[in-house]
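# Sequence and predicted structure below; questions after.
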Amino acid sequence: MSETPLLECIGVTKSFAQVHALVNVDFDVRRGEVMALVGDNGAGKSTLIKCIAGIYQFDEGEIRFEDETVNIHGPRDSAELGIEVVYQDLALADNLDVVSNMFLGREVTKGGYMLDEPTMEGAARETLDSLSVTTLQSVRQAVGGLSGGQRQAVAVAKSVMWNSKLVILDEPTAALGVAQTEQVLALVSRLAERDLGVVIISHNLHDVFQVADRITVLRLGQAVAVLDRRETTQQEVVHAITAGTVDSVPGMQATSPEVAE
Amino acid sequence: MTENDPQVDMDHPYIPAATPGTDAAQDQSLRDYFRLWGERLRAGELGALPIGVGLLIILVTFGILDSNFYSSRNFTNLLLQMVVFATIAIGTVFVLLIAEIDLSVAFVSAVAGVVMTILLRPGDPGWPWWAAAGVAILITVIIGWVQGMLVAKTGVPSFVVTLAGLLVFSGVVLVLTTSVTKVGTIRIEDDFVVGIANAFLSVTAGWILAAIVIFGYLGTNALTKFNRQRRGLPSKPIALIALQTIGLAIVTISVVWYANTDRGVPRGTVILIVLLVAWSFVASRLRFGRHVYAIGGNPEAARRAGINVDRVRVLVFMISGFMAGIGGIMLASRLRSVSTAQGGGNLLLLVIASAVIGGTSLFGGQGRVISALLGALVIASITNGMDLLGLASGNKFIITGLVLLGAVLIDAWSKKRRAAVGVG
């Protein structure tokens, strides 16, 4: 694990009209590290990752990626840097097979128009194998027929296919059973072993303590704690989530500081 | 419409190249292949099974009710009748794949027929067939572009945009026809244009066509297998390729042989085969086709994947206009004239029914180009059979309507089934 951050957000702020969704937040992720992002509903988790992904833009503050200040104006910019987000809804087309989904929008072609299926299928298999995703019967199965865990695995595999350096997972285990949660968490750990930076948003502290190296706690749009998993406890994290000290409580008139959870 | 005859699925040029979801076989052995097929069936991916069964029932029923149904004269008639539905339905398949609908196709096809016929009138202006047909098709493509832009950019449902189109273009057909004739009918004098849907291939040409279809199919499959094997990927078992090729060969040879005992294979059938192969290629082998399926399956996922969803939507409506244009020219050719009633009646219904009955889902993302052919075959057989029996129009509508309802119910059931399995 390297100590220089892969991604660093310095003093970032984001408001929606009167609502201060993020206030002067510092956040960083290192290579080969799983950083958990926790906080109550409306704490600003989704806003933060959407800004990193380029869906929103920060009002103030700086983003540094691989030691360089970067401007992210849209999802394409973040993808070019090597930032991939796996959203909760996974964004998979159920009628297409695993390979087609993994290459959706970035199909390998011959001459620009014709699909190069053998190349795509080979690369998809390789990626899935490298992540030890073994539960898939066939990469030519339609995604609609897969279990929740398998779908998550496909979405994660899709995100690491593109020489990505940072993978952000939004509630990857929220809809899964116990066994499938274990599989997905194992997958998350393997991403970090590949020296990727990983950000995982989760409400489930048990999951967080199982995979995370560090934990950033957001509360009312501010980063109230950055904790090392080995030196903290669930109680401490819960306390930070519910009663962490905020410098100033912004937007008291707004009941929920975050618009787009 | 008149009479017809047997042979179930005629000239499939392109059975394989499935939806992206079900490509060539996964596993090496024939048994594995059938096991997978069984699993997909249970999961609601019925493919061409309901249509095969339905067609069999139709052919047996009409065959028993009227012996003329199986005559070779009626068979070639059936081939002629089917071509128009199938051609327009190819465009409809694309529209349904992105979960939209195009209700204007029948009258757009009529616009093409009328425009071409007017431009062909000897001496006034007496254009050559290719210029007249070209302009007619260009106009329908532009109509598709306009409707597609309206759907994509304004967010007005395609149902409403194309319903407006249906009215507008039925009006255009009337205005155009009545502007040049008082009788309400314009005859087509051009021999080539009349020949499109009324001429037949020679016996030899028919057999050459059969050979091209069979060896084209075999060659495509062999090439795919070779390419996959070279990369060490699982490929379709040779036994299966052989089985499918033999099946196709039996069907194709029977069709050509039986058609040859009458007038031969209609020229329009050749055009249809070329169109089916070309659009199947677009749907299953091109990046554009992949994007069409993706938009039908999950438009939001497609958008986030960086696909220009609006552009694909507009192009799909242009394809619909293009195919309607070609279909309209074929219809005008078959009737040897156009009239104020062009594009009216139940043409729209039969075209959409062809696509849906052929197995293209109304919910988007499921279906194949070949379903236009299969559905048109069913529709043409029913229409033809009922005409032979001399059923009253009312009864014909009722029966056609019920068949369409049945197809839609199967579609809905299969979607539910897929969803249920998907949760797993």
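Arrived safely.
# Now do the contacts for B:Ile143.
Taking CB atoms under 8 Å, 6 or more residues apart in numbering or on different chains, we find B:Ile143 in contact with B:Ser104, B:Val108, B:Val111, B:Gly165, B:Phe169, B:Gly321. In short, each C-beta sits where N, CA and C put it, glycine included.
# what secondary structure does the last one sit in?
Meaning B:Gly321. helix (DSSP: H, G, I helix; E, B strand; the rest coil).
# Can you say which helix or strand has the closest residue in space to it that isn't next to it in sequence in it?
In this structure, B:Gly321 finds its nearest non-sequential neighbour in B:Gly144, 2.5 Å apart by CB to CB, 6 or more residues apart in numbering or on different chains. Secondary structure assigned from DSSP states H and E places B:Gly144 in helix B:129-154.
# quick one: buried residues of that helix?
B:129, B:132-133, B:136-137, B:139-141, B:143-144, B:146-152 (16 or more other CB atoms under 10 Å in any protein chain shown).
# what's the spacing between it and its chain's center?
Counting by CA atoms, centre = their mean, to the nearest Å, helix B:129-154 is centred 19 Å from the centre of its parent chain.
# now stretch A:92-103
20 Å.
# still on that earlier bit, for chain A, state which of the contacts of B:Ile143 is nearest.
Ranked by distance to chain A (CB to the nearest CB), the contacts of B:Ile143 are led by B:Gly321 at 21.3 Å.
# need the contact list for that closest one.
B:Gly91, B:Val108, B:Thr140, B:Val141, B:Ile142, B:Ile143, B:Gly144, B:Trp145, B:Gln147.
# And A:Val133, by the same measure?
Contacts of A:Val133 (CB under 8 Å, 6+ apart): A:Gln150, A:Ala153, A:Val154, A:Ala157, A:Leu187.
# run the last query once more with 7 Å
A:Ala153, A:Ala157 (CB atoms under 7 Å, 6 or more residues apart in numbering or on different chains).
# so it, which of the three states?
coil.
# List the backbone torsions phi and psi for it.
phi -80, psi 100 (degrees, to the nearest 10).
# Can you check the pLDDT for it?
pLDDT recorded at A:Val133 is 84.
# Also the one 5 residues further on?
Each residue has a pLDDT score; the one for A:Ser138 is 85.
# can you map out the strands along the stretch 251-400 of chain B?
Listed in chain order, the strands of the stretch 251-400 of chain B (DSSP state E, counting those that start in this stretch) span B:337-339.
# Could you report the distance from the residue nearest to B:Gly321 to chain A?
21 Å (CB to the nearest CB, to the nearest Å).
# so that residue makes contact with B:Phe317?
Yes. Counting by CB atoms under 7 Å, B:Gly144 touches B:Phe317, with 4.5 Å between them.
# what does the helix or strand of chain A with the lowest mean pLDDT contact?
Ranked by mean pLDDT, DSSP states H and E, the weakest helix or strand in chain A is helix A:75-81, scoring a mean of 87. Helix A:75-81 has contacts (CB under 7 Å, 6+ apart) with A:Ile52, A:Ala53, A:Gly54, A:Ile55, A:Phe65, A:Val70, A:Ile72.
# Out of those, which is nearest to A:His206?
Closest approach to A:His206 among these (CB to CB): A:Ile52, at 25.4 Å.
# give me the number of residues near the closest one?
For A:Ile52, the count of nearby residues is 25 (other CB atoms under 10 Å in any protein chain shown).
# Surely it is in contact with A:Ile83?
Yes. Using CB under 7 Å as the test, A:Ile52 is close enough to A:Ile83 to be in contact (6.4 Å).
# what's the closest non-adjacent residue to the residue of chain A found nearest chain B?
The nearest approach of chain A to chain B comes at A:Gly105, 3.0 Å away (CB to the nearest CB). Nearest non-adjacent residue to A:Gly105, counting by CB to CB, 6+ apart: B:Ala305, 3.0 Å away.
# Spit out the contact partners of B:Gly365.
B:Gly365 touches A:Asn95, B:Leu97, B:Ala99, B:Tyr293, B:Gly296, B:Gly297, counting by CB under 7 Å, 6+ apart.
# So which bits of the stretch 1-150 of chain A are right by chain B?
Taking CB under 7 Å from any CB of the partner chain as the contact definition, the stretch 1-150 of chain A meets chain B at A:91-97, A:100, A:104-105, A:107, A:109, A:113-115, A:118, A:121-122, A:138, A:140, A:142, A:144-145, A:147.
# what about burial for these, which qualify?
The neighbour-count test (16+ other CB under 10 Å) marks A:91-97, A:100, A:104-105, A:107, A:109, A:115, A:118, A:121-122, A:140, A:142, A:144-145, A:147 as buried among these.
# What about these, which are in strands?
A:Thr109, A:Leu115 (DSSP state E).
# pretty sure A:His73 belongs to a strand, no?
No. Applying three-state DSSP, one finds A:His73 to be coil, outside a strand.
# Next, give phi and psi for it.
phi -100, psi -10.
# Among the contacts of B:Ile143, which ones are in helices?
Secondary structure defined by DSSP state H assigns B:Val108, B:Val111, B:Gly165, B:Phe169, B:Gly321 of the contacts of B:Ile143 to helices.
# from these, which is closest to A:Asp40?
B:Gly165 (51.3 Å).
# Measure how buried that closest one is and give me the count.
So B:Gly165, with other CB under 10 Å, has 25 neighbours.
# contacting residues around the nearest residue to it once chain neighbours are set aside?
Distances taken as CB to CB, 6+ apart place B:Ser104 nearest to B:Gly165, at 3.3 Å, with adjacent residues excluded. Going by CB under 7 Å, 6+ apart, B:Ser104 touches B:Gln147, B:Thr162, B:Gly165, B:Leu166, B:Phe169.
# so what's B:Ser104 scoring on pLDDT?
According to the model, B:Ser104 scores 97 on pLDDT.
# circling back to that earlier point, tell me which residues touch the residue nearest to B:Gly321, please.
Counted by CB under 7 Å, 6+ apart, B:Gly144 has contacts B:Phe317, B:Met318, B:Ser320, B:Gly321, B:Phe322.
# now with 6 Å?
Counting by CB atoms under 6 Å, 6 or more residues apart in numbering or on different chains, B:Gly144 makes contact with B:Phe317, B:Met318, B:Ser320, B:Gly321.
# out of those residues, which one sits closest to B:Arg121?
B:Gly321 (23.9 Å).
# Out of the contacts of helix A:75-81, who's the most crowded?
Per-residue neighbour counts (other CB under 10 Å) across those peak at A:Ile52, which has 25 neighbours.
# For stretch B:262-282, which outside residues touch it?
B:11, B:13-14, B:17, B:72-73, B:76, B:79-80, B:83, B:86, B:90, B:197, B:199-201, B:206, B:256, B:259, B:289, B:330, B:369, B:373.
# just checking: which of those also lie near chain A?
When these are checked against chain A using CB under 6 Å from any CB of the partner chain, none falls in range.
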